[in-house]
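Participant: Sequence and predicted model, in that order:
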Amino acid sequence: MSPRKKAQIAFASAVTLLALSGVAAYVSIVRLLESEELVIHSLRVQSALGDFTNAIARVGRVATAYVATGKEEFLGDFQPYLDEVPPTMQHLRDLTKDNPSQQALCERLQQSTEQRMLLFQRSIELKKKYPKDETAQVRIRQQTAPFSSVTTEITAQMREAEDALLDVRQKASAYRLKLTILILGFTFVIALALFSINYRLLSMELTARERAEHASRALSAHVMRLQDEERRKFSRELHDSLGQYLAGLKMSFSMLASDHAEDSRYFECMQLLEQCIAETRTISHLLHPPMLDVAGFATTAKWFVEGFSQRSGVEVKTNLAETPGRLPPNLELVLFRVLQESLTNIHRHSKSTKAEVALKLVAGNAVLSIRDFGSGVPPAVLARFHTHDASGVGLAGMRERVRELAGQFEISSDSSGTTVRISIPLPAAAVAADASAAD
Ligand SMILES: Nc1ncnc2c1ncn2[C@@H]1O[C@H](COP(=O)(O)OP(=O)(O)OP(=O)(O)O)[C@@H](O)[C@H]1O
Ligand SMILES: [Mg+2]
């Protein structure tokens, strides 16, 4: 299976598993919130039960205190406390609406409470009218006692039922919490595993790409070296064989000059022969200028620029810094090839009538720039070149040659012209020589 297919499958399964885990986590969290809500509800019921028993206890306390002492201050509290009982009862009924057995108990509780409250009221009325009548008060107390125990019994039953419910709900809530944590933990582990699988596939793909890039760079460097060697060989062959034959032919031909002094065809042939010799020499020198090996880049560049200007009609200004001694041959060859290709491009594509060539030594680098004032490289061509999808081999070849020597290649272009700029690190010896020349 291809690495891309594997990555697609890994990604699709990661998304699916994460989506499923997300849904499971969502459902579990919703359930957890629901069971938490039920726990809170039970606690509310318990608190309402407490409020209710406190309310009736308060009423009983003040009624008993008044009947026992006859003090008016207790009577003042009686009615407000009595008014608080029905709302607390109603609140309890509202909270237990969802529970039929608690509702039934509430019903009984309400009836006995109403009876108790009536008896408290009657006892107070009697106390007001007959403060000394103890027998009547004893009778009322006897009537109140059963209602009191019914109230106590029912509230205890309700509390027990709610305690049992609370226990069940708390257990359910704890279980949901555990489940939610488990699902979230599982999701995290799955995400981690899938991310590491994706990362491994990605890094394998990157390694494979790096290897392929390295191999293709090594191949293109090798091809360029072979091309240089071929050019050098072909240049020598042209010079040493065809060039020598033509030179010999010219010598032999010139011996016949006296026999053909009046023959214009002889002179025409002689002229053509001389053109052949000159052209062979030029082609041979352009393929690989012997001057580059003998006199170095600056001299060869001047010779090449001069010939280029004559052939193309492009006026070229040069500003070539003196190099401290000779630069390494491979560096000089790269400088020359870049100059050659850039000027050829200017002639072929730019429509510029002027160009500038400059060589500087800057911070341990040889910096060569070739500028024209023409139409500029079409943006689409430039974009393709930057994404390593160039159609021509000229620009791409220059970039590869420069990269081989750990240098930098830049091309900037707009409608006012194009500049090719390369910067190649000088070997330590050349840098040292440059520094001492500057002192
Ligand atoms: N100085 C320039 N001015 C305008 N356009 C340029 C210039 N140099 C390059 N170009 C554009 O960039 C393209 C790519 O150039 P490159 O040298 O890579 O290929 P080429 O010259 O077309 O063919 P070759 O492979 O023979 O060099 C050219 O076709 C041209 O459109
Ligand atoms: Mg070109």
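Facilitator: Cool, the structure landed. Nothing here was measured: the structure is a model prediction, and the numbers come from that model. Ligands and ions are numbered 1, 2, ... in the order given.
Participant: Any idea how many residues pack against T318?
Facilitator: 15 (other C-beta atoms under 10 Å). (Glycine included, C-beta is placed from N, CA and C.)
Participant: For ligand 2, give me its nearest residue in the chain.
Facilitator: Distances between the chain and ligand 2 by C-beta to the ion are smallest at G394, namely 2.6 Å.
Participant: Please enumerate the helices of this protein.
Facilitator: 3-69, 72-95, 100-129, 134-237, 243-255, 264-287, 290-294, 297-312, 329-345, 379-386, 394-404, 428-438 (DSSP state H).
Participant: And the residue of the chain closest to ligand 2, how close does it get to ligand 1?
Facilitator: Relative to ligand 1, G394 is positioned 2 Å away (C-beta to the nearest ligand atom, to the nearest Å).
Participant: what's the closest non-adjacent residue to that residue?
Facilitator: Distance criterion C-beta to C-beta, 6 or more residues apart in numbering; nearest residue to G394, sequence neighbours excluded, is E341 at 4.8 Å.
Participant: wait, what's in contact with the one you found?
Facilitator: G394, L395, G397, M398 (C-beta atoms under 8 Å, 6 or more residues apart in numbering).
Participant: related to what we said a few turns ago, I figured the residue of the chain closest to ligand 2 was touching N345, is that so?
Facilitator: Yes: here G394 lies in contact with N345, judged by C-beta atoms under 8 Å, at a distance of 5.9 Å.
Participant: The residue nearest to G394 and F308: what is the separation?
Facilitator: Counting by C-beta to C-beta, to the nearest Å, the gap from E341 to F308 is 12 Å.
Participant: so who does D51 touch?
Facilitator: Counted by C-beta under 8 Å, 6+ apart, D51 has contacts T88, H91, L92.
Participant: same check, this time on S375
Facilitator: By C-beta under 8 Å, 6+ apart, the contact set of S375 is H349, S350, K351, S352, S415.
Participant: So which of those would count as near ligand 1 as well?
Facilitator: Contacts with ligand 1 within the contacts of S375, counted by C-beta under 6 Å from any ligand atom: H349, S350.
Participant: out of the contacts of S375, which are buried?
Facilitator: Neighbour counting over those (16 or more other C-beta atoms under 10 Å) leaves H349, S350, S352 as the buried ones.
Participant: distance of the closest residue to A14 other than its chain neighbours from ligand 1?
Facilitator: In this structure, A14 finds its nearest non-sequential neighbour in L194, 3.8 Å apart by C-beta to C-beta, 6+ apart. Between L194 and ligand 1 the computed distance is 44 Å (C-beta to the nearest ligand atom).
Participant: Export the helices of the chain as a markdown table, with columns for mean pLDDT.
Facilitator: Output for the helices of the chain, formatted as a markdown table (pLDDT from 0 to 100):
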| stretch | mean pLDDT |
| --- | --- |
| helix 3-69 | 89 |
| helix 72-95 | 92 |
| helix 100-129 | 93 |
| helix 134-237 | 89 |
| helix 243-255 | 91 |
| helix 264-287 | 90 |
| helix 290-294 | 86 |
| helix 297-312 | 92 |
| helix 329-345 | 93 |
| helix 379-386 | 91 |
| helix 394-404 | 90 |
| helix 428-438 | 61 |
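Participant: Mean neighbour count, these: which tops it?
Facilitator: Highest mean neighbour count among those (mean count of other C-beta atoms under 10 Å): helix 329-345, with a mean of 21.
Participant: near ligand 1, which residues of the stretch 301-439 of the chain?
Facilitator: Contact residues (C-beta under 6 Å from any ligand atom) of the stretch 301-439 of the chain with ligand 1: 345-346, 348-350, 372, 374-378, 381, 390, 392-396, 418.
Participant: quick revisit: which one of the contacts of E341 is nearest to A321?
Facilitator: Distances from A321 to the contacts of E341, taken as C-beta to C-beta, are shortest for M398 (20.3 Å).
Participant: how about the helices of the chain in TSV, adding distance to K360?
Facilitator: Shown next, in TSV, are the helices of the chain (distance: least, C-beta to C-beta, whole Å):
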stretch	distance to K360
helix 3-69	46
helix 72-95	90
helix 100-129	96
helix 134-237	25
helix 243-255	36
helix 264-287	25
helix 290-294	20
helix 297-312	12
helix 329-345	12
helix 379-386	25
helix 394-404	16
helix 428-438	11
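Participant: Identify whichever of those lies nearest to N365.
Facilitator: That would be helix 428-438 among the helices of the chain, by C-beta to C-beta, at 9.0 Å.
Participant: okay if I get the contacts of D51 as JSON lines plus distance to ligand 1?
Facilitator: Converted to JSON lines, the contacts of D51 look like this (distance: C-beta to the nearest ligand atom, whole Å):
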{"residue": "T88", "distance to ligand 1": "92"}
{"residue": "H91", "distance to ligand 1": "87"}
{"residue": "L92", "distance to ligand 1": "90"}
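Participant: nearest to E210, of those?
Facilitator: H91 (74.2 Å).
Participant: show me the contacts for the closest one.
Facilitator: A48, D51, F52.
Participant: Spell out which parts of the stretch 251-400 of the chain neighbour ligand 2.
Facilitator: Contact residues, the stretch 251-400 of the chain versus ligand 2 (C-beta under 5 Å from the ion): N345, G394.
Participant: Would you mind measuring from S101 to M158?
Facilitator: Separation of S101 from M158 (C-beta to C-beta) stands at 9 Å.
Participant: next one: K351
Facilitator: To M158, K351 is 101 Å away according to C-beta to C-beta.
Participant: who are the neighbours in contact with the residue of the chain closest to ligand 2?
Facilitator: Contacts for G394 (C-beta under 8 Å, 6+ apart) come out as E341, T344, N345.
Participant: Next, work out how far apart it and R231 are.
Facilitator: Separation of G394 from R231 (C-beta to C-beta): 15 Å.
Participant: Next: L119.
Facilitator: Taking C-beta to C-beta as the measure, L119 falls 126 Å from R231.
Participant: Can you tell me how far F267 is from S254?
Facilitator: Distance, F267 to S254, by C-beta to C-beta: 11 Å.
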